[in-house]
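>>> Sequence plus the predicted model coming up.
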Amino acid sequence: MNRVRWTSVLALIAGLSLVVFFAFKAWHQWSLNQRISSGVVQVESLRGWMTLPYIEKTYGVRQAEIRNALDLPASGFEERSLKDWLNLTGQDPVLGRRKVEALILQAHSAKTKRPSP
């Protein structure tokens with residue numbers, strides 16, 4: 001094969017790889033939204049290692065809301081995990097997770113509410 005053909009084949013493979021990658025990400029997000037909308041946010045979906053910025057990015061709940069619900073400082077220590085925050089403040093991990101889950105459900109229901117015609 002000549003050089004142009006190899007370049008075309010490589011471009012096609014790269015393009016298909018990107019399509020598969022982003023299709024997987026879209027499917028994962030859709031799956032998460034389905035679980036949240038059906039109320040199946042389980043304790044297992046939140047992990048102790050998750051940081052507040054990670055939770056914000058993954059579940060769409062602002063850090064300020066999480067910090068407020070858990071009575072945490074308004075800013076700083078973004079690298080601390082949820083488990084570390086709960087241990088540091090002496091909160092029960094199960095109750096802390098439930099508070100964060102409630103925020104996730106609340107944020108998701110606010111996103112899915114559509115104005116009535």
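Noted; the coordinates are in hand. Residues are numbered from 1 along each chain as shown.
>>> can you tell me the helix or strand for the most centrally placed residue in the chain?
Nearest to the mean C-alpha position of the chain, by C-alpha atoms, centre = their mean, lies residue 58 at 1.1 Å. Using DSSP states H and E, the element containing residue 58 is helix 52-59.
>>> So, low pLDDT: which residues of this structure?
Counting by pLDDT under 70, the chain shows low-confidence ranges at 1, 36-44, 108-117.
>>> Domain map for the chain?
1-40, 42-117 (automatic domain parsing).
>>> Residue 79 contacts residue 51, doesn't it?
Yes: taking contacts as C-beta atoms under 8 Å, residue 79 lies within contact range of residue 51: 6.2 Å. (Each C-beta comes from the backbone N, C-alpha and C, glycine too.)
>>> So for these two, which sits in the more crowded spot?
More crowded of residue 79 and residue 51, by other C-beta atoms under 10 Å: residue 51, with 17 against 9.
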